[in-house]
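**Student:** need a structure here:
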Amino acid sequence: LEVQVALLRRYAAVNGWTEGGIYRDNGVSGTHFRRPGFTAMMAALEQGGGQCVVVKDLSRLGRDWIETGRLLEEVFPALGVRVCTVDEGNGGDMLDRALRSISHDFYARDLGEKISASIGARRRNGAFWGKAVPFGYRKSGEKHGLIPSGEEAEQVKMLFFRCAAGEEMEGKREKTILTDPVYAGYVPLQKNLPPAYRGDRYHPIPPEERVYVPGQVPALVSAELFGVVWRKFYPHAAGPFPWEKV
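**Tutor:** Predicted coordinates for the structure are as follows:
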């Protein structure tokens, strides 16, 4: 990212332009326009804060070809702002811009599908794939590997025994633990449905409707015990589920 910034500054200096601001979105997908840096740039432009937007290429502006085209042909001209790309000159005519935007869009789609397929294959093979490590576990040192975490693991086991014995569990944290199949050694194949349209948000799949596979995560309780406790919270869920087939 810093190399791109240096490239843009050199391009502006060669053209004798005064830098109005640098806007960046590090680690945020360019397939949508809810990016903090992009939003700040648009706010500055709407207040008359610039006459030209300089990007390395059109994919840095956005990878949704429909919205990018609207920005180039409607929004920026209405603001009196032109767009210059370091790698593509002034961006070309309307057809040229449209073709470039479409190619960036399809590249992002193809990359996203390949990443999703790769993650799905690893999940089917039992790999734990998540940002947050469940309570009772810790990272094993191997990528996507978890192992029981001593005292916390014992607390989880005791919680299941107490619930199975009839003790009422009404806390949100307790329910989260007692209904998470990872404690019986199962991981969800998919937690969210992809958006129907680019830029939309992912839609979570209800826990009782997810597909689970045996994982490489060591179980803290037996499948039978987990099944008994889980049914207390989802008595009418369709089944049997994998942990109930014992």
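
**Student:** what ranges do the helices span in this structure?
**Tutor:** Counting by DSSP state H, the chain has helices at residues 2-14, 36-46, 58-61, 65-70, 76-79, 94-124, 150-164, 172-178, 223-233.

**Student:** Where among the ones you listed is average confidence lowest?
**Tutor:** Note on those: helix 94-124 shows the lowest mean pLDDT, a mean of 61.

**Student:** How about the residue nearest in space to the middle of the chain: what's its closest non-neighbour residue?
**Tutor:** Nearest to the mean C-alpha position of the chain, counting by CA atoms, centre = their mean, stands Tyr202 at 8.3 Å. Distances taken as CB to CB, 6 or more residues apart in numbering put Asn192 closest to Tyr202, at 3.9 Å, once the chain neighbours are dropped. (Glycine included, C-beta is placed from N, CA and C.)

**Student:** does the one you found have beta-bridge partners, and which?
**Tutor:** The partner list for Asn192 in beta bridges (DSSP bridges) reads Pro204.

**Student:** how far away is it from Ile205?
**Tutor:** According to CB to CB, to the nearest Å, Asn192 stands 6 Å off from Ile205.

**Student:** Over to Ala184?
**Tutor:** For Ala184 relative to Ile205 (CB to CB), the value is 19 Å.

**Student:** Looking at those two, which one has more neighbours?
**Tutor:** Ala184 (27 against 15; other CB atoms under 10 Å).

**Student:** For that one, list the residues it contacts.
**Tutor:** 219-223, 225-227, 243 (CB atoms under 8 Å, 6 or more residues apart in numbering).

**Student:** what about Gly80, neighbour count?
**Tutor:** 11.

**Student:** nope, Glu151 is what I was after
**Tutor:** 8.

**Student:** same question, Val83
**Tutor:** So Val83, with other CB under 10 Å, has 19 neighbours.

**Student:** For Arg187, name its beta-bridge partners.
**Tutor:** I think there's a mix-up here, since residue 187 is Val and not Arg. With DSSP bridges as the rule, Val187 is bridged to Val213.

**Student:** Can you check the pLDDT for it?
**Tutor:** pLDDT, read off for Val187, is 81.

**Student:** My guess is it contacts Val211. True?
**Tutor:** No: Val187 lies out of contact with Val211 (CB atoms under 8 Å); the separation is 10.3 Å.

**Student:** if we can go back for a sec, who wins on neighbours among the contacts of Ala184?
**Tutor:** Phe226 (27 neighbours).

**Student:** Isn't that one up against Asp180?
**Tutor:** No: the criterion here is CB under 8 Å, and Phe226 misses it with Asp180 at 9.1 Å.

**Student:** Next one, pLDDT for Lys139 please.
**Tutor:** On the pLDDT scale, Lys139 gets 82.

**Student:** I figured it was touching Ser149, is that so?
**Tutor:** No: with contacts counted by CB under 8 Å, Lys139 stays clear of Ser149, the gap being 9.4 Å.

**Student:** which of these two has more neighbours?
**Tutor:** Ser149 (18 against 13).

**Student:** What residues does that one make contact with?
**Tutor:** 136-138.

**Student:** Equivalent analysis for Val54, please.
**Tutor:** Val54 touches 8, 11-12, 17, 83-86, counting by CB under 8 Å, 6+ apart.

**Student:** who's it bridged to?
**Tutor:** Cys84.

**Student:** That one and Val211, how far apart?
**Tutor:** Distance from Val54 to Val211, by CB to CB: 47 Å.

**Student:** Mind giving me the ChimeraX select for the contacts of Val54, buried ones only?
**Tutor:** Here is the ChimeraX command that picks out the buried ones among those, judged by 16 or more other CB atoms under 10 Å:
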select :8,11,12,83,84,85,86
